[in-house]
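*Asks:* got a structure for you, letters missing:
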């Protein structure tokens, strides 16, 4: 069988700074039936752009500049809109990063599945419905007969992602483009989706492009890997080959970003700065979102809160900050009982506890400059204005390793994701806090950028002896930064202790599952794991 | 957030409080009007005794709080008082006028709402093309002109030059439905011109706003036609702002059409209100003012409820 997809010397341009500039440069790739090609790189590498271009699709403000995209003998490069429409969905389909955003909230899930086959004239409504249920079953969705008749908001992230994989299969296309299908998911859910991807590509003999920034993930599913950077190919190779013997320095960097930090001991002598006792909280008044929470944070140390989505990690952050008042229990900060409600807390207490959020995009006002964002807490907490504030802002920018002269007058929208997160850190630092609560602050960032941010936080802690309460679902991050680990499940703490102790056996059953779910660079890891799980079920 | 019914009851309660506050404001406003009803009704030749006697008869000598209580109690029971100008019950005066106003408003709504939404969808579909600009410019020019100007232009073209529609929208109970529609076609067209632009612009903006969503990109990638994407994927998700702007315009059609009524000499509630103000016929002013407010609040309430129901997330929580 010849190549299903052949892309030759493709250039794609984007319109920014008032002119067309190349964003994908001279990319060629081939894809055969039954083959999975991994595209890997940081954001801005042009991975998604290439993935979409394989369907002849470009996002607004982009255009195909030159080259050729040949899909099963059809040239897509200069095809008409109508010809492209006929190909899309039927011959090649797409699984997007955020299933939650990619399902239309107004229609039931199965209706969106059925739409493509019915409108491409491939099968009737009833038949498509039946196939949907069959696929849902194959992808291990719970209650396959019923789940499709729910609205998207009634499904969990992992379920939606699998429903979208099913939707991409609806017209039985030959090629599926997976664009970061597991990035937004926690490790345990990620396994389910990866298993679904394997199921489809191997057992149903489809070809796939698998786009991700996580080398360990792509190693599980891809036969070949292309490493991209700034729209160019860095290197290409067979998966095992590439992981064993990367040729380029950049690939090596991607391979070994996750490093452990030096061990710091926690002793009873160190000051406890935050002491949470017997806290419980609820959103609805009936179901408990948090129960029996006991937790201490010591000076200059990092406590990592780990758990799946829905385990109550972020809720705990809300309770500590007072955004969601606990219904009982006490929160002591430097030995003093904090009022449970935010409104009743003193300004000084607010100052000493700062927060950094998951989405730097939404945490920064898009109409404000860096100067204003960082200057605001200076004025609010210390009354510093004018020249003095200017100096302090510059200091803070230097602290977060951004050049003050370049960045101080930029709008927050003119920054990259990593730079935005740095600004959020500077804003928190401006208040000179004793405790910073970091809520999944690296999960929206690329691997290398995330690594930089973690290093920065590390350096800042060494300098100022601040404490961090670090919320994450990523165990690799935890290994890298935590002194103490707290594992949460369904609103309760199921295990906590020093890092060494929690990470070394014997584990709590759930901790074990979490640890086992973190992908390893070994390409056989997923297969082994799935086999192991299958055998334990029997 | 527990369920939709609870939310609806909450809104309903808030609406009742609002109506109560408005009734107080209307009452105080009318109290503050300069001049004395008794004097103005009886004329300059009236003696002080007759004026005093008349005031007593109208209970104008009682303190305002008591009169307000009595008025509100009667209003709730459907007794709007008697007109000071001609002694007929206010409810009798208002019922017929209100029916006419609602008739004109609903006729206009039946033409304008589908037209505006359809044009809005088309404009979104052909956005930034000549067609889009043509629709926008035309509808925008219509709202830029004063209503009476459009009204007179339409009269000039359709009544004077072409002579196909009557220039006066006079209706009475003896007319059948079609001849009534025929009679009010010109005012209705005038109002259509006035309200379409607003609704159409909002529909267009709401749809274009939704077109930037990831699920629209998904639909495009699934190979769905653009027309279906607009109608099936974008429109259901832009319903909430569209419903709200429709409600505001419906409210305008009921409470804000005095000028058009005057131009076409149409016996609507707006004209009655204006007449009564000039005659100091306070019971009529108070009653129609309150009816207008209730209509306005009721429409906004329905808009809130409908946009809640258009969202599956909120609709589902009912069960």
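*Replies:* Ah, there it is. As the structure is a computational prediction, the values presented were derived from the model and not from experiment.
*Asks:* which bits of chain A sit near chain B?
*Replies:* Residues of chain A found near chain B (CB under 8 Å from any CB of the partner chain) are A:52, A:55, A:57, A:59, A:84-90, A:93-94, A:96, A:98, A:101-107, A:115-116, A:119-120, A:151, A:153-154, A:167, A:284. Placement of C-beta: from N, CA and C, glycine included.
*Asks:* list the helices and strands the helix or strand containing residue B:20 packs on?
*Replies:* Using DSSP states H and E, residue B:20 maps to helix B:4-32. On a contact count with 3 or more CB pairs under 8 Å, 6 or more residues apart in numbering or on different chains; DSSP states H and E, helix B:4-32 meets helix B:64-76, helix B:282-309, helix B:312-316.
*Asks:* How about the second one and chain A, any contact?
*Replies:* No. Counting by CB under 8 Å from any CB, chain A has no neighbours in helix B:282-309; the shortest distance is 11.9 Å.
*Asks:* Just the buried positions in the lowest-mean-pLDDT helix or strand in chain A, please.
*Replies:* Scoring the helices and strands of chain A by mean pLDDT, DSSP states H and E places helix A:525-537 at the bottom, with a mean of 74. Residues of helix A:525-537 classed as buried by neighbour count (16 or more other CB atoms under 10 Å in any protein chain shown): A:525, A:526, A:529, A:530.
*Asks:* wait, the first one sits on residue A:517?
*Replies:* No. Here residue A:525 does not reach residue A:517: they are 10.4 Å apart, not a contact under CB atoms under 8 Å.
*Asks:* For burial, what's the neighbour tally of residue B:219?
*Replies:* Neighbourhood size, residue B:219 [other CB atoms under 10 Å in any protein chain shown]: 24.
*Asks:* so where do the helices sit in the stretch 401-538 of chain A?
*Replies:* Using DSSP state H, counting those that start in this stretch, the helices of the stretch 401-538 of chain A run over residues A:404-407, A:417-430, A:447-464, A:475-481, A:499-503, A:509-517, A:525-537.
*Asks:* For residue A:301, which of those helices is the nearest?
*Replies:* The minimum distance between residue A:301 and these falls on helix A:447-464, with 8.4 Å, by CB to CB.
*Asks:* now the closest one, how far from the chain's geometric center?
*Replies:* Centroid displacement of helix A:447-464 relative to its chain, using CA atoms, centre = their mean, to the nearest Å, is 18 Å.
*Asks:* just checking, what packs against that helix?
*Replies:* On a contact count with 3+ CB pairs under 8 Å, 6+ apart, helix A:447-464 meets helix A:249-255, helix A:417-430, strand A:467-472, helix A:475-481.
*Asks:* Get me the contact residues on chain B for chain A.
*Replies:* Residues of chain B lying close to chain A by CB under 8 Å from any CB are B:2, B:213-215, B:217-225, B:228, B:233, B:236-237, B:310-313, B:316.
*Asks:* Recalculate using a threshold of 10 Å.
*Replies:* Counting by CB under 10 Å from any CB of the partner chain, chain B comes close to chain A at B:1-2, B:210-226, B:228-229, B:232-239, B:310-313, B:315-316.
*Asks:* Looking at the stretch 251-400 of chain A, which residue is nearest chain B?
*Replies:* In the stretch 251-400 of chain A, no residue comes nearer to chain B than residue A:284, which is 7.7 Å away by CB to the nearest CB.
*Asks:* Brilliant, that's me finished.
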